[in-house]
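> Provide a 3D model corresponding to the input given below.
(2 chains)
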Protein chains: 2
Amino acid sequence: MKLWLTTLATALSLQISAQELALDNTLAYQLTESITVEVGQRLAGSEADARAVAWAEQKFKQLGYDKVWTEPFTMQYWERGNASLSVSAPFHQNLVVTALGGSVATPFDGINAQVVMFDSLEQLKQADAALVKDKIVFINKSMGKDKLGTFYGSVVGARAQGAVEAAKLGAKAIIIRSVGTSINRFAHTGIMRYNDEVARIPAAAVSVPDAMQLAKMLSRQPELTLHLQMQNKLPGEVVSHNVIAEITGSKYPDEIVLISAHIDSWDEGTGALDDGAGVGIVMATGALLKQQGRPERTVRVVLFGNEEGGLVGARAYAAKHTASLNKHVFASESDFGAGRIWRLDTGFGEKALAFGKTLQQKLAPLGIEMGDNTASGGPDVSVLKAQGVPVASLQQDGTDYFDYHHTPNDTLDKIDPAAMQQNLEAWLITTKAIANSRIDLRQ
Amino acid sequence: MKLWLTTLATALSLQISAQELALDNTLAYQLTESITVEVGQRLAGSEADARAVAWAEQKFKQLGYDKVWTEPFTMQYWERGNASLSVSAPFHQNLVVTALGGSVATPFDGINAQVVMFDSLEQLKQADAALVKDKIVFINKSMGKDKLGTFYGSVVGARAQGAVEAAKLGAKAIIIRSVGTSINRFAHTGIMRYNDEVARIPAAAVSVPDAMQLAKMLSRQPELTLHLQMQNKLPGEVVSHNVIAEITGSKYPDEIVLISAHIDSWDEGTGALDDGAGVGIVMATGALLKQQGRPERTVRVVLFGNEEGGLVGARAYAAKHTASLNKHVFASESDFGAGRIWRLDTGFGEKALAFGKTLQQKLAPLGIEMGDNTASGGPDVSVLKAQGVPVASLQQDGTDYFDYHHTPNDTLDKIDPAAMQQNLEAWLITTKAIANSRIDLRQ
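The predicted model follows:
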């Protein structure tokens, strides 16, 4: 690694400091290990979420950040209960199921109803209500794989909107094939939505093998009945927190370079890829930047709360910091697992594109190519982008991300420490370049 | 496939019949699909086991077998209840756990105790009782991968004997790292044993990621406490069945060529690899053999019951058929998943080894090499081998077998239909060669 950095230094005609040579540490990975082992899952609003916030405050302080604080926000708390799904007739079998986040419970004795299968949300929307009424809707849409995770968008609609569309047609409940790319028998959770115009029906996901199994059963026996039981709770409003820490800028302390991740996770895994890795990467970035000499602009690390519930912490942050958003010179989030970064996408003003190109040239030795100028900056940061903050996305290779995402299988062992290190180096180069420049990325 | 078979025929100077060309069917896979989709899991002694027996009787009849019958045996029934394991202090987290087959329940409120980790059963055996007393023992032994699954033997001892060894030292319970090769978060079940000399303590397995997690926690906090709760039931003696079907030999009907699999499975997957694949392969073999012209010796297909509980059906079969075991000219079992067969091992008399070599030459176009003469014939068939019945093992590539074995992830989608077809062809060639010969494999 030292040798490689030296080669990198030569390539970039940079002078490598002793601190930079210390880059062959594993701080990002260590932090991810720490949060997943010592805290584990941290469902937004839960007791574990509070432990994660306390963990982050303590770590930021240990890492030598200049300022560390939390910002509270209110949120609707949802808690998973037991869930079970079985084929009640004619092939009695249990299926692997998980409640979608936000779903209401079933009645205590569950729902027993015939199932009707659709290939997609679109097909459900066009269905005859007579076919759907009093049944359990099953949407069986599979998902493809690529580096950017582009297939997610075309499949996740069934998760988010399926319950509303099924309820419009009189369904008793909805189950979807997991929004995921693995044939391992894990069901994928994630947030779903209701609206006030239709009944709130229970919504769940079955694992991919169980979806395939159900489809095979239906081809033998279209009159199949299912029994779904879920005991979720919606206790109401609670307080959660964004955790924020800064390395104060030496020359322009009021100019904020914001790097971020989200501290909450779904509750069945340990939130290693989503988003323990991002937490480790951005916390380590700020800490090492300070070790390498204080940056000129302030580097603010934000660990947003309740991203999974719908960017709740990010919206709270944007609302609270409205007055200073024009001083946010840049924002970016690491929230796509722990794969190697392979592309830099920007969301800069036209004049700043040349700076983007220069930045990419600095990143090129890490195997990072130039992307386009349509970056969202990451889920939480998209809220800031919508208010005019310039962003970039250091695109990670997400080919396998949806094998694990939102399942019990999102655990530390899925992370390659070497890839984490490459991420850390890319974030250091990017953050430093922006924090030590006068570039106006809005222009 | 037809072209390939023709090439095979040329290589072997065999005449290929129309029926043999019909080999490009998918009968073995279809049968495996049928039992996994229409019956699913079939825990020995359960209501599902009885449905599996009925399924097999009906399928054998549909497939044109000459005789179909069942043979009852009694067994101790064990039923899984809910299981949960959590770290109660200091890192509150839930771990993925499953009860080992045969384990007693915990008290209703569970067991809360400090944990003590060992690298292996051997290390536990040498431990000081003071270190173990009143604790939960954790054996954290990892397992390697190879085609033959040879690492299983050196790891599974902790599962089988761990509870007895831990109880000798006064432990309250035992948990083991899953006997498996995958980092997916599934716990591996399987039979465990008690003896009458020590207390019966609860025994469970955690998934590989959870074992790694627990080890990382212990390196931070050796005083870690766990809370284990399991509600297994041991209702007592029940009746299960072996299912047997024959294609009666045209010339030597009293000489029995026995091919087999086991009909029971563990209860968390659908028993596709273990042993739905074997069931499909041997049922299809007998059916296609008859289509290709009645064999001279009788081909008997046995689907043994309760293999998982410790070869219970196989022992019942051997006891019931003692008088005719000398007429069993051959026995073999398919019970190692659905990978391609790559090696023929025999358990023949010395004089019959030449026949074994000729048989392997017939199998060589399928990519099957010659192994040794120490074959067990398969788990159930090892009981017959012990009584002098000649055996062979058509060794499947089991590299990935222990990724899925005894977990909820043992489902149909893990099976490659093309590999099933190769298995079927190898079983057809082998069974036919022995059934249509006068070879005495005992000599």
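> which helices and strands sit right next to the lengthiest helix in chain A?
Longest helix in chain A by number of residues (criterion: DSSP state H): helix A:417-435. If you count contacts as 3 or more CB pairs under 8 Å, 6 or more residues apart in numbering or on different chains; DSSP states H and E, helix A:417-435 packs onto helix A:27-38, strand A:252-262, helix A:277-291, strand A:297-304, strand A:328-333, strand A:341-347, helix A:353-363, strand A:391-396. Glycine gets a C-beta too; all of them are placed from N, C-alpha and C.
> Of all the residues in stretch A:332-349, which ones are buried?
Along stretch A:332-349, these residues count as buried under the neighbour rule (16 or more other CB atoms under 10 Å in any protein chain shown): A:332-349.
> surely A:A173 meets A:A199?
No: in this structure, A:A173 is not within contact of A:A199 by CB atoms under 8 Å, at 10.5 Å.
> Between the two, which is the more surrounded one?
A:A173 (26 against 14; other CB atoms under 10 Å in any protein chain shown).
> which ones are touching the more buried one?
For A:A173, the contacting residues are A:106, A:111, A:113, A:136-137, A:166, A:201-204, A:228, by CB atoms under 8 Å, 6 or more residues apart in numbering or on different chains.
> before we move on, back to that, buried set for the longest helix of chain A?
A:419-435.
> Would you mind putting the CA coordinates of that helix into PDB?
Provided in PDB are the C-alpha atoms of helix A:417-435 (Å, rounded to 0.1, in the frame of the first residue of the first chain):
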ATOM      1  CA  PRO A 417     -11.500  -4.200   4.000                       C
ATOM      2  CA  ALA A 418      -9.400  -3.400   1.000                       C
ATOM      3  CA  ALA A 419     -12.300  -1.900  -0.900                       C
ATOM      4  CA  MET A 420     -13.100   0.200   2.200                       C
ATOM      5  CA  GLN A 421      -9.600   1.500   2.100                       C
ATOM      6  CA  GLN A 422     -10.000   2.500  -1.600                       C
ATOM      7  CA  ASN A 423     -13.200   4.300  -0.600                       C
ATOM      8  CA  LEU A 424     -11.500   6.200   2.200                       C
ATOM      9  CA  GLU A 425      -8.700   7.300  -0.100                       C
ATOM     10  CA  ALA A 426     -11.200   8.500  -2.700                       C
ATOM     11  CA  TRP A 427     -13.100  10.500  -0.100                       C
ATOM     12  CA  LEU A 428     -10.000  12.000   1.300                       C
ATOM     13  CA  ILE A 429      -8.800  13.200  -2.000                       C
ATOM     14  CA  THR A 430     -12.200  14.600  -2.900                       C
ATOM     15  CA  THR A 431     -12.900  16.300   0.400                       C
ATOM     16  CA  LYS A 432      -9.400  17.700   0.700                       C
ATOM     17  CA  ALA A 433      -9.500  19.000  -2.900                       C
ATOM     18  CA  ILE A 434     -12.700  20.900  -2.300                       C
ATOM     19  CA  ALA A 435     -12.000  22.000   1.300                       C
END
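> What helix or strand is A:L131 located in?
helix A:129-132 (DSSP states H and E).
> do the same with A:N242
Here A:N242 is assigned to strand A:233-247, by DSSP H and E.
> distance of A:N140 from chain B?
Distance of A:N140 to chain B, given as CB to the nearest CB, to the nearest Å: 14 Å.
> Got the confidence number for the residue nearest to that residue when sequence neighbours are not counted?
Counting by CB to CB, 6 or more residues apart in numbering or on different chains, A:N140 lies nearest to A:R177, which is 4.8 Å off, once chain neighbours are set aside. Listed pLDDT for A:R177 reads 98.
> Pop out the phi and psi values for A:R177.
phi -70, psi 140 (degrees, to the nearest 10).
> In this structure it contacts A:A204, no?
No: judged on CB under 8 Å, A:R177 makes no contact with A:A204 at a distance of 11.0 Å.
> A:F60: neighbouring residues, count only.
23.
> Equivalent analysis for A:Q443, please.
12.
> my read: A:K233 touches A:G102, true?
No: using CB under 8 Å, A:K233 is not in contact with A:G102; the gap is 11.4 Å.
> So for these two, which residues contact both of them?
Between them, A:K233 and A:G102 share the contacting residues A:W78, judged by CB under 8 Å, 6+ apart.
> Name the residue in these two with the higher neighbour count.
A:G102 (22 against 12).
> Now do that one against A:G40, distance only.
From A:G102 across to A:G40, the span is 22 Å (CB to CB, to the nearest Å).
> Also A:E223?
With CB to CB as the criterion, A:E223 and A:G40 are 43 Å apart.
> cool, and A:V279?
For A:V279 relative to A:G40 (CB to CB), the value is 13 Å.
> so what's A:Q443 up against?
A:349-352.
> try A:S382
So A:S382 contacts A:311, A:314, A:376, A:391 (CB under 8 Å, 6+ apart).
> Could you report the neighbour count for the second one?
The reference is to A:A314. As a burial measure, A:A314 scores 26 neighbours (other CB under 10 Å).
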